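Colleague: sequence unknown, structure follows:
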């Protein structure tokens, strides 16, 4: 089997103990031609979100491929219908990174609101001469309104964190939460237009689909407060980055804090990186020691169950087990 990148040892060791693992050792993902070459004849593949699993790769792997295990909760890098049509189960690592991702999303919210990166740069550049009553002013977080787009596990954890700051929480999702859940989380459903217009902070926790791609575009930014701050820990293409740049540059919104981008990574000369009100970090929402190790264990378990012909603990396409 093939492992497309080094993962934390708890998962990697169990794979090595049970299989003859071909591990891609480089820090950067395998180039496409190398990936296609390395998967040939493999019974299992452990992929990352940087590895595109499509018909071309499945053809390259050949008829002996039994399982694709994706080291991520998201799986937009995998053509799931293509795998399902070939009766190949696909696994992911849900739930385990929920709270860790919500922690990072709220940290980005706080950092952008209180302009912490700008303050850090200000001190390091030797500009700090004295305390100033107008220096690096930002919005309060407590009692502000938080709009959450995507009210799944991570979005709900974001709402729980907001309750500690006595924030007003609006949410939007394709499915409205139960009255009991809304009461527990102190959240109220809102259509997107209302959420955009009313929110001081807008945090994205939606899957990347045809409907959500480019959801935050020029029209969306125009409906927001000029002080609004957008936080994205979902997927980069949910935001139109050219429109975001223009909105930040022109003062249509107040700021943005991004853990994910489009493209990813952003090139160093990308226009967004020239803006002081745009905070970008390198896709680290799940980057805690415990969470990444648990993700590795889950990905390894999916892989090994698939190799043995057993049902994956966390299958993305459970319908493969109903096929005859």
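Modeller: Nice, thanks for sending it over. For clarity, every value in this text was computed on a predicted model and none was experimentally measured.
Colleague: residue boundaries of the strands in the stretch 1-150 of the chain?
Modeller: 2-3, 22-23, 44-47, 67-70, 90-91, 145-149 (DSSP state E, counting those that start in this stretch).
Colleague: likewise the stretch 151-300 of the chain?
Modeller: Under DSSP E, counting those that start in this stretch, the stretch 151-300 of the chain gives strands at 168-172, 187-189, 201-204, 229-232, 255-258, 278-280.
Colleague: got these as a markdown table, with mean pLDDT and distance to residue 298 columns?
Modeller: For the C-beta atoms, the positions are set from N, CA and C on the backbone; glycine is no exception. Output for those, formatted as a markdown table (pLDDT from 0 to 100; distance: least, C-beta to C-beta, whole Å):
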| stretch | mean pLDDT | distance to residue 298 |
| --- | --- | --- |
| strand 168-172 | 98 | 27 |
| strand 187-189 | 98 | 28 |
| strand 201-204 | 98 | 24 |
| strand 229-232 | 98 | 24 |
| strand 255-258 | 98 | 26 |
| strand 278-280 | 98 | 28 |
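Colleague: adding mean neighbour count, write those strands out as CSV.
Modeller: Listed next are those as CSV, based on neighbours: other C-beta atoms under 10 Å:
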stretch, mean neighbour count
strand 168-172, 22
strand 187-189, 18
strand 201-204, 29
strand 229-232, 28
strand 255-258, 26
strand 278-280, 21
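Colleague: for those strands, please prepare TSV with the additional fields distance to residue 247.
Modeller: Shown next, in TSV, are the strands of the stretch 151-300 of the chain (distance: least, C-beta to C-beta, whole Å):
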stretch	distance to residue 247
strand 168-172	19
strand 187-189	25
strand 201-204	12
strand 229-232	9
strand 255-258	8
strand 278-280	10
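Colleague: the ones you listed: which one's closest to residue 122?
Modeller: Evaluated over these, closeness to residue 122 peaks at strand 278-280, with 14.3 Å, by C-beta to C-beta.
Colleague: endpoint to endpoint, stretch 86-94 covers what distance?
Modeller: Taking C-alpha to C-alpha, to the nearest Å, stretch 86-94 runs 23 Å from one end to the other.
Colleague: quick one: low-confidence parts of the chain?
Modeller: Counting by pLDDT under 70, the low-confidence segments of the chain come to 324.
Colleague: domain parsing of this protein, as residue ranges.
Modeller: 2-96+288-322, 98-280 (automatic domain parsing).
Colleague: how far does the longest one sit from the chain's center?
Modeller: So the one you mean is domain 98-280. How far domain 98-280 lies from its chain's middle: 13 Å, per C-alpha atoms, centre = their mean, to the nearest Å.
Colleague: gap between the two ends of it?
Modeller: Per C-alpha to C-alpha, the first residue of domain 98-280 is 20 Å away from its last.
Colleague: contacts for stretch 111-126 next, please.
Modeller: 110, 128, 136-141, 201, 229, 231, 255-257, 276-277, 279 (C-beta atoms under 8 Å, 6 or more residues apart in numbering).
Colleague: go through it and flag the buried ones.
Modeller: Neighbour counts over stretch 111-126 (16 or more other C-beta atoms under 10 Å) mark 111-118 as buried.
Colleague: quick one: residue 251 and residue 227 touch, right?
Modeller: No. Applying C-beta atoms under 8 Å as the test, residue 251 and residue 227 come out as separate, 9.4 Å apart.
Colleague: tell me which of those two has more neighbours.
Modeller: residue 227 (15 against 10; other C-beta atoms under 10 Å).
Colleague: separation between the spatially closest residue to that one that is not a sequence neighbour and residue 83?
Modeller: The shortest distance from residue 227 to any non-neighbouring residue, by C-beta to C-beta, 6 or more residues apart in numbering, is to residue 254 (4.3 Å). Distance, residue 254 to residue 83, using C-beta to C-beta, to the nearest Å: 42 Å.
Colleague: again with residue 218
Modeller: 36 Å.
Colleague: who's more crowded, these two?
Modeller: Taking other C-beta under 10 Å, residue 218 and residue 83 do not tie; residue 83 has more neighbours (24 against 14).
Colleague: which ones are touching that one?
Modeller: 53, 58, 68, 89-90, 317, 320.
Colleague: could you report the distance from it to residue 261?
Modeller: For residue 83, the distance to residue 261 - C-beta to C-beta - is 27 Å.
Colleague: with residue 186 instead?
Modeller: 31 Å.
Colleague: more crowded one of the two?
Modeller: Neighbours per residue (other C-beta under 10 Å) separate residue 186 from residue 261, with residue 261 holding more: 22 against 14.
Colleague: ok, back up a step: dump the strands of the stretch 1-150 of the chain to CSV, plus mean neighbour count and distance to residue 155.
Modeller: CSV is the format used below for the strands of the stretch 1-150 of the chain (neighbours: other C-beta atoms under 10 Å; distance: least, C-beta to C-beta, whole Å):
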stretch, mean neighbour count, distance to residue 155
strand 2-3, 26, 31
strand 22-23, 14, 35
strand 44-47, 27, 26
strand 67-70, 29, 21
strand 90-91, 26, 23
strand 145-149, 25, 5
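Colleague: fine by me, thanks again.
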